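>>> fold the following and give me the result.
(one chain, ligands or ions: 2)
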Amino acid sequence: ASSHRQMEEVPLLMGSNCRAKGAAPGFKVAILGAAGGIGQPLALLMKMNPLVSVLHLYDVVNTPGVTADISHMNTGAVVRGFLGQPQLENALTGMDLVIIPAGVPRKPGMTRDDLFNINAGIVRTLCEGIAKCCPKAIVNVISNPVNSTVPIAAEVFKKAGTYDPKRLLGVTTLDVVRANTFVGEVLGLDPREVNVPVIGGHAGVTILPLLSQVNPACSFTSEEVNHLTSRIQNGGTEVVEAKAGAGSATLSMAYAAAKFADACLRGLRGDAGIVECSYVASQVTELPFFASKVRLGRSGVEEILPLGLLNEFERAGLENAKKELAQSIQKGVSFINK
Ligand code: NAD
Ligand code: LMR
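Ligands and ions are numbered 1, 2, ... in the order given. I've put the predicted structure just below:
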């Protein structure tokens, strides 16, 4: 509410039209975990997005300061802060898109699955709030392990009777962002011109870049394929080790999350041809969840695109990925149904 008050306090300079109140047309977006390493730069980027009219920042700590700071940016979105569980429902009511980067990050030596015990409960609580207060919102799950937290969210929504698989999306955009950057480096291309599909999931061998399907069309030596696949699969660990105990990727992740959220909002607006990779409920393999290219629209995931032709290396990678994914999915489902 502080930014409303701020607008009302603006002195009358040019007649009553200057005192326009309320938000410009656009979408209402909530970030849960908004005071964290990802949450803060993501809040900044969403405040800059012209499709956002209202931005709700929720966390269990520090949201007043982050909200006051971000709310001074002279962009369109009205910013409101919410602190602690008693304010979760107000943070969520009326939202079109909810982005969840809440939870603990890795330290060196940990896998994403090592975060399960803490983050599973956080995601469950937040999704119970979503089911109650904004059951039609599109939900972007960032909290790790994504391979399990998305199935957890699905089970919470099923229990509440609000599950719509088209509206629940695990954010794997950072894998694509990294793949585009690393492939651009190897090919000597501007990374903005490169598009690498990355399928499977978001952990270790479940991250499967399809280097045979890079756009623009190109070819790699087998050394390049091995180097690129390994670097893309271990991109998160590269950052965790470089940060040496101070957390995992936050800035590149905020960039990736903002890019993905913008694609979801453009889909909601009705733009045509919005295609992103995302970890969603899927029938593209025998697994109930899988990351692949999806077409986004007014109802969320409107189409899951086929995987296309995979070469022998990628087919072997797919089999490995599916084994680990099956276990991570089951772990998430059992957490809610135990
Ligand atoms: P962080 O510790 O800096 O921030 C997390 C924030 O979540 C904190 O501000 C904390 O107060 C908040 N939080 C904790 N419990 C909460 C609750 N119950 N409700 C609301 N907020 C709560 O961590 P970070 O670096 O921002 O990472 C957050 C998560 O994102 C981690 O799980 C990390 O592994 C994951 N991550 C995912 C990707 C991806 O590609 N999907 C990339 C990077 C990080
Ligand atoms: C990443 O890919 O950077 C995130 O999943 C964070 C991590 O733990 O690696």
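
>>> pretty sure G245 is in a strand, no?
No. Assigned with DSSP: H, G, I helix; E, B strand; the rest coil, G245 falls outside any strand and is coil.

>>> so F335 is in contact with I152, correct?
Yes. Counting by C-beta atoms under 8 Å, I152 is a contact partner of F335 at 5.8 Å. Any C-beta I mention is one placed from the backbone N, CA and C, and that applies to glycine too.

>>> higher neighbour count, these two?
In this view F335 and I152 are compared by other C-beta atoms under 10 Å, and I152 has more residues nearby, 27 against 20.

>>> quick one: which helix or strand includes that one?
helix 146-160 (DSSP states H and E).

>>> by contact count, what packs against that helix?
Helix 146-160 sits against helix 116-133, strand 138-141, strand 168-170, strand 274-281, strand 289-297, helix 312-337, with contacts defined as 3 or more C-beta pairs under 8 Å, 6 or more residues apart in numbering; DSSP states H and E.

>>> list the contacts for K47?
L55, I70, M73, T75, A77, V79 (C-beta atoms under 8 Å, 6 or more residues apart in numbering).

>>> what separation do you get for the third one and T67?
It refers to M73. Look at M73 and T67: by C-beta to C-beta, to the nearest Å, they are 11 Å apart.

>>> which one's more surrounded, the two?
More neighbours surround T67 than the other of M73 and T67, with 24 against 13 (other C-beta under 10 Å).

>>> pLDDT at the closest residue to that one other than its chain neighbours, what is it?
Among residues not flanking T67 along the chain, G81 sits closest, at 2.9 Å (C-beta to C-beta, 6 or more residues apart in numbering). G81 carries a pLDDT value of 98.

>>> distance of P41 relative to V139?
20 Å.

>>> in the stretch 201-338 of the chain, which residue sits closest to ligand 1?
Closest to ligand 1 within the stretch 201-338 of the chain is M253: 3.9 Å, counting by C-beta to the nearest ligand atom.

>>> higher neighbour count, P41 and V139?
A count of neighbours by other C-beta under 10 Å puts V139 above the other of P41 and V139, at 27 against 18.

>>> contacts only, for the more buried one.
Applying C-beta under 8 Å, 6+ apart, we find V139 in contact with L97, V98, I100, C127, I130, A153, R167, L168, L169.

>>> mind listing the residues bridging to it?
Under DSSP bridges, the beta-bridge partners of V139 are V98, L168.

>>> burial measure for the residue lying closest to V214 once chain neighbours are set aside, as a count.
Among residues not flanking V214 along the chain, V196 sits closest, at 5.3 Å (C-beta to C-beta, 6+ apart). If you count neighbours by other C-beta under 10 Å, V196 ends up with 24.

>>> report pLDDT for V196.
In this model, V196 is scored at 98, pLDDT.

>>> same thing with the one 3 residues further on?
Note for I199: predicted pLDDT of 99.

>>> now it, which residues is it bridged with?
Assessed by DSSP bridges, I199 has beta-bridge partners L208.

>>> who's in contact with the residue of the stretch 1-150 of the chain found nearest ligand 2?
When scored by C-beta to the nearest ligand atom, the stretch 1-150 of the chain has R106 as its residue closest to ligand 2, at 3.8 Å. R106 makes contacts with R112, D114, L115, N144, G236, V240, G247, S248, as judged by C-beta under 8 Å, 6+ apart.

>>> in a markdown table: those residues, plus distance to ligand 2 and neighbour count.
Putting the contacts of R106 into a markdown table (distance: C-beta to the nearest ligand atom, whole Å; neighbours: other C-beta atoms under 10 Å) gives the following:
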| residue | distance to ligand 2 | neighbour count |
| --- | --- | --- |
| R112 | 5 | 26 |
| D114 | 9 | 15 |
| L115 | 8 | 22 |
| N144 | 5 | 26 |
| G236 | 2 | 25 |
| V240 | 5 | 22 |
| G247 | 9 | 16 |
| S248 | 4 | 23 |
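
>>> and those, which is closest to T93?
Using C-beta to C-beta, N144 is the member of those that lies nearest T93, at 27.1 Å.

>>> cool, thanks, talk later.
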